[in-house]
Every structure is written in structure tokens, then in C-alpha cells.
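Chemist: take this sequence and fold it.
(one chain, ligands or ions: 1)
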Amino acid sequence: MPDKSELNLTDGMRRYIDKNNRYLAERDEYIRNVVRKWKFDTIAVHGLYTVQDAIEDYQGAIIEPIFMSTAQAYRDSDEMAAALAYKIPTWCYSRIANPSTYYYEWTLALLEGYGFDGETSCCSTSSGMAAIMTAVNPFLKIQKDPHEKRNFVATVQCYGGTYQQFTARLMQEHNVECRWVLDATNLDEWASKIDEHTRFLYGELPSNPQLGFFDIRAVADLAHSHNLPLICDSTIATPALLRPICHGADIVVQSATKSLTSSGFGVCGAVIARKNLCTNIDDELLKSDFSLHIKFLQNRDFGPNLHPMQAVMTLNDMRTLRSKMDLMSRSAMKVARFLEEHPKVESVQYLGLPNHPLHELASRYMWLVDAEYDELYGRPVNRYGHLLSFCVKGGAEKARTFFDGLQRIWRATDLGRIKSVATIPGISTHQQQGEEARALAGIPANMVRLCVGAEHPDDIMADLDQALSRAG
Ligand SMILES: *Cc1c(COP(=O)(O)O)cnc(C)c1O
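Modeler: Numbers count the residues shown, from 1 in each chain. This next block holds a predicted model:
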């Protein structure tokens with residue numbers, strides 16, 4: 001466990017530890033024998049919150065209570081000492097843990113681990129950016145020499161905030177080299193950037209906004225052959241369409257702000273990791289249970305923690321994740337086809353379009369979870385998510401005229417909503433990184449990013465059509 005000091009266990013502490021060990025054993029058995037046999041939707045609806053929990057502890061509340069409390073009280077000094085030494089499950093203080101975030105974390109751990117043979121665990125964070133920081137930071141620690149070289153290899157096609165975190169914060173301020181992979185489908189390029197100072201590989205897929213993609217299995221195998229972890233930002237897909245850990249990734253980061261909280265009620269994030277991950281960092285807990293490591297050490301000390309109110313809001317949205325991602329993906333497909341045919345549109349980037357250069361690769365990975373058990377389908381079906389981007393003919397100015405003409409679709413730097421939202425990445429999410437970096441990442445000035453919501457697709461297309469006609 002995290003503490004290094006020797007702990008003197010009193011008889012009272014031992015009694016608490018024994019009781020809690022029995023509780024943990026029962027919980028693990030319940031996960032193994034019951035929860036992991038459920039379908040995805042059942043896990044999304046219930047997670048680990050049980051009738052028994054509700055009746056015994058929470059006055060029968062059928063919805064997970066929002067624990068708006070800073071701290072947990074203990075029966076006596078023995079219980080407190082055992083808890084604060086992390087010898088028994090505890091939430092002690094809401095910066096470290098909280099019962100509401102506990103249910104949120106378990107649901108996400110189980111959804112990202114759905115179909116995976118091994119175990120997964122999750123640490124909630126206050127935002128997607130906090131999730132990324134939390135996931136990469138433990139691998140960058142100085143091992144021996146304060147001047148030792150450290151680098152990591154990452155896909156340049158990524159969220160603008162990620163680009164800033166890696167370049168402005170890590171490279172410029174902390175002397176950690178980020179080696180960008182320009183063509184993530186080129187395995188040789190990944191391999192050529194790895195050396196003895198590399199700490200991890202990082203990839204976003206599908207990427208926001210240009211819908212980049214890569215062969216997760218091949219990149220994970222490459223990472224593991226160098227004893228490195230692969231970290232994936234899987235925000236755009238959500239576990240309903242893609243679960244990178246099942247394909248060899250070690251860690252997934254989620255901006256749960258997006259499609260996981262499709263209502264748009266607030267900002268939150270999560271790190272989900274497989275147990276026993278691959279790393280060249282010498283630390284037992286980090287290897288065996290990464291999420292626990294960051295929860296009880298790094299995030300305890302840095303404090304990028306999720307509010308319990310937000311945890312339950314997001315949990316509530318996640319219950320219907322699969323059906324929403326199916327519906328919005330099907331609408332996005334229709335909208336992409338419509339845009340592809342439109343005379344005012346130069347090009348459309350959507351992984352579902354058969355002529356997209358990454359269509360075949362994405363089709364190997366992006367499947368609607370449990371479609372084979374869905375009475376509508378009864379077989380596996382590909383779904384490509386609700387994010388697409390397209391370029392308006394005539395350059396940046398025409399793109400802005402079109403954008404300003406939108407009436408039903410919201411103009412905002414947001415995505416993943418139940419409401420359709422559009423943005424121009426060049427003047428918003430990817431504005432800070434400048435022209436040159438945008439060119440590397442494939443973000444032209446006339447690119448519009450559109451995230452298709454749950455409105456009827458005919459109404460979305462009508463709005464796009466009238467706005468495009470203004471850009472004539
Ligand atoms: C939005 C986003 C992030 C950042 O998440 P926040 O919750 O806004 O901090 C990271 N990655 C991707 C792919 C995103 O779309």
C-alpha cells in the first residue's frame with residue numbers, strides 16, 4: 001500500500017480490517033459472478049449500486065445519492081487510523097474519494113472493461129484535461145537523475161487542449177519532449193520515435209476534429225515490445241462504440257464532459273486502466289492498479305477531483321449511452337451523406353463514409369456494443385459516432401458565412417451533446433496552436449466541425465442546407 005511507514009495495528013483496527021476484507025471479498029464475487037455477466041446496458045443502468053446498498057445504507061433511494069459532504073466521520077480512533085492508512089475502504093475526504101464518485105468510477109471501469117478478460121479500475125477527475133494530466137504524469141517522474149531525458153510519442157491529430165498541455169506545459173515548461181507522430185497509421189513512424197528515454201505512447205482516436213484513427217492493436221503491441229504503456233483518448237467513440245483496453249491499450253482517458261454527459265450539464269473526466277499494465281517505471285502499485293495509484297497518491301496531492309454532484313449527473317446520462325450513440329451515429333451517417341452530395345461542400349470527413357481513407361481500419365474497431373443481442377439488429381453493426389467535419393467551398397470566409405447562417409444548430413466550442421453543435425476549429429478549439437501546427441494536424445481554415453445531436457436528421461439537414469445556400 002502507499003504508505004511507507006510501519007503501521008502498528010491495534011486489535012480494534014484488525015477487527016475493522018477483517019470486517020472490511022469480508023465486504024471487499026463479497027463485492028469482488030458480486031462483480032465476477034453477477035455484474036460481469038450482464039449486458040452493457042444493464043451495467044450502464046446499475047453499475048455497482050445495488051438494492052442491498054440502497055436499503056441498508058441509503059434509505060432505499062433507487063438513484064445513487066449525491067453525497068454533498070466534504071468528509072466522512074469514523075466510529076472511533078481505530079476505524080480512523082485503519083481508514084487513513086488505506087487499510088480499509090474509505091472515502092475520508094472528498095478530495096480523495098466520495099461515495100457518489102465511487103459509483104461513477106465503477107460504472108466507467110466496467111463499461112470500458114466490457115468484453116475484456118482482465119480487470120479494470122477507474123479514477124474520476126474534474127475534467128478531460130485533468131484526466132490526461134493525471135494519466136501521463138506518473139510516467140514522467142524522475143527515476144534517478146534530475147537531468148535525465150524523458151520523452152513520449154503522441155499523435156499530432158488530437159484535441160487542441162491536449163496539444164497545448166503537451167507542448168506549452170510539458171515541453172516548454174517541464175523539459176519533457178513530446179515526439180509527434182504525423183501519420184498515425186504508419187507503424188514505422190511510431191517505432192522510429194521510440195528510444196530508451198521514452199515513457200509512454202499516446203493516441204487519440206477517432207481524433208477531434210479531423211477523425212484521425214490508428215491500428216490500436218498494432219500500436220499497443222509496439223508499445224509493449226518496448227515495455228511501454230499505450231494511453232488512448234477515446235472520448236469521441238465512448239465505450240459504446242470502442243473499448244481500446246480490449247484491443248491492448250493500457251489506459252483510456254475520457255473527457256466525460258462530451259458524449260458521456262450528453263445533456264451538457266457540466267465538465268468531468270475519467271482515467272480507466274487495466275490492472276497490471278506495461279511500464280518501464282519501477283513502482284509496484286503503479287503497475288498493479290494504476291487508477292488506485294493516482295487516486296491515493298498523485299491526485300490526493302494535486303487535487304484535480306470530481307464533484308459528487310457532477311458524478312451523479314454524468315452517471316445518469318450514461319445509463320442510456322448505447323442507444324443514444326446508436327441513434328446519433330445513424331443520424332450523423334445520414335448528415336455526412338447529405339453533405340457529401342452538397343454542391344457547396346468541398347469535402348466531408350466521417351469515418352462511416354466508405355470512401356474515407358480510414359474507413360476500413362475504423363470498421364475493424366468501431367462496433368455498436370451488443371448489437372448482436374439487439375432485436376433490431378441481431379448481428380454486429382459498425383457505428384462511427386456523431387462527430388464529423390467538413391470543408392466549405394470557397395475558403396475561410398465562406399465557412400464563416402455558412403456558420404453565421406445556422407439557425408437551429410448551436411455555434412459553440414462543444415460536442416457530444418444531445419443537441420447539434422457546430423464550431424470552426426481554426427478560430428476556436430484549435431486557435432491557440434497557430435497556423436503551422438494546424439497544418440500538421442490537418443485542420444484547414446474552412447473546416448467546420450459538426451456534432452450531430454438527437455434531433456430528427458431531416459431538421460438538421462434542412463438547417464445545414466439553408467445556411468450553405470447563404471455561402472453561395
Ligand atoms: C474536450 C476534449 C478533451 C478535454 O476535455 P475537458 O472535459 O473539456 O477538459 C480531451 N480530449 C478530447 C478528444 C476532447 O474532445
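Chemist: which phi and psi does Ala422 have?
Modeler: Dihedral pair for Ala422: phi -120, psi 150, per degrees, to the nearest 10.
Chemist: how close does it get to the ligand?
Modeler: Applying Cβ to the nearest ligand atom, to the nearest Å, the value for Ala422 to the ligand is 15 Å. Yep, even glycine has a C-beta here, placed from its N, CA and C like the rest.
Chemist: what's around the residue in the stretch 251-400 of the chain positioned nearest to the ligand, how many residues?
Modeler: Nearest residue of the stretch 251-400 of the chain to the ligand: Ser255, at 3.0 Å (Cβ to the nearest ligand atom). Using other Cβ atoms under 10 Å, Ser255 has 29 other residues around it.
Chemist: which residues sit in contact with the spatially closest residue to it that is not a sequence neighbour?
Modeler: If the residues on either side of it in the chain are set aside, Ser255 comes closest to Gly128, at 2.5 Å by Cβ to Cβ, 6 or more residues apart in numbering. Shown in contact with Gly128 (Cβ atoms under 8 Å, 6 or more residues apart in numbering): Tyr159, Gly161, Asp233, Thr235, Val253, Gln254, Ser255, Ala256, Thr257, Lys258, Val267, Gly269.
Chemist: got those as JSON lines, with distance to Glu112 and pLDDT columns?
Modeler: Formatted as JSON lines, the entries for these read as follows, by distance: Cβ to Cβ, whole Å; pLDDT from 0 to 100:
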{"residue": "Tyr159", "distance to Glu112": "19", "pLDDT": "94"}
{"residue": "Gly161", "distance to Glu112": "21", "pLDDT": "94"}
{"residue": "Asp233", "distance to Glu112": "12", "pLDDT": "98"}
{"residue": "Thr235", "distance to Glu112": "12", "pLDDT": "98"}
{"residue": "Val253", "distance to Glu112": "10", "pLDDT": "98"}
{"residue": "Gln254", "distance to Glu112": "8", "pLDDT": "98"}
{"residue": "Ser255", "distance to Glu112": "14", "pLDDT": "98"}
{"residue": "Ala256", "distance to Glu112": "11", "pLDDT": "98"}
{"residue": "Thr257", "distance to Glu112": "16", "pLDDT": "98"}
{"residue": "Lys258", "distance to Glu112": "15", "pLDDT": "98"}
{"residue": "Val267", "distance to Glu112": "19", "pLDDT": "98"}
{"residue": "Gly269", "distance to Glu112": "13", "pLDDT": "98"}
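Chemist: relative to the ligand, how far out is the spatially most distant residue from the centre of the chain?
Modeler: For the chain, the residue at maximal distance from the C-alpha centroid (Cα atoms, centre = their mean) is Asp11, at 42.8 Å. Asp11 is 47 Å from the ligand, where distance means Cβ to the nearest ligand atom.
Chemist: quick check: the residue nearest to Ser255 vs the ligand, distance?
Modeler: 2 Å.
Chemist: can you check Leu230 too?
Modeler: 16 Å.
Chemist: do Gly405 as well
Modeler: 25 Å.
Chemist: buried stuff in the worst-scoring helix or strand of the chain on mean pLDDT?
Modeler: Ranked by mean pLDDT, DSSP states H and E, the weakest helix or strand in the chain is helix 434-441, scoring a mean of 81. Neighbour counts over helix 434-441 (16 or more other Cβ atoms under 10 Å) mark Ala437, Arg438, Ala441 as buried.
Chemist: OK, contacts around the last one?
Modeler: Which is Ala441. Val156, Gln157, Cys158, Tyr163, Gln210, His430, Gln433.
Chemist: Ser291: what secondary structure?
Modeler: helix (DSSP: H, G, I helix; E, B strand; the rest coil).
Chemist: from the contacts of Gly128, which two are the most distant?
Modeler: Farthest-apart pair in the contacts of Gly128 is Asp233 and Val267; separation 15.6 Å (Cβ to Cβ).
Chemist: these two: which is more packed in?
Modeler: Asp233 (28 against 20).
Chemist: let me know the distance separating the more buried one from the ligand.
Modeler: Asp233 is 5 Å from the ligand, by Cβ to the nearest ligand atom.
Chemist: what does that residue show for phi and psi?
Modeler: Taking degrees, to the nearest 10 as the convention, Asp233 sits at phi -90, psi 110.
Chemist: ok, and the closest non-adjacent residue to it?
Modeler: Using Cβ to Cβ, 6+ apart, the nearest residue to Asp233 is Glu204, at 4.0 Å.
Chemist: cool, and His386?
Modeler: That would be Met328: by Cβ to Cβ, 6+ apart, it lies 3.7 Å from His386.
Chemist: which secondary structure elements does the strand or helix carrying the one you found contact?
Modeler: Here Met328, judged by DSSP states H and E, is contained in helix 321-341. If you count contacts as 3 or more Cβ pairs under 8 Å, 6 or more residues apart in numbering; DSSP states H and E, helix 321-341 packs onto helix 40-46, strand 345-349, strand 387-392, helix 457-470.
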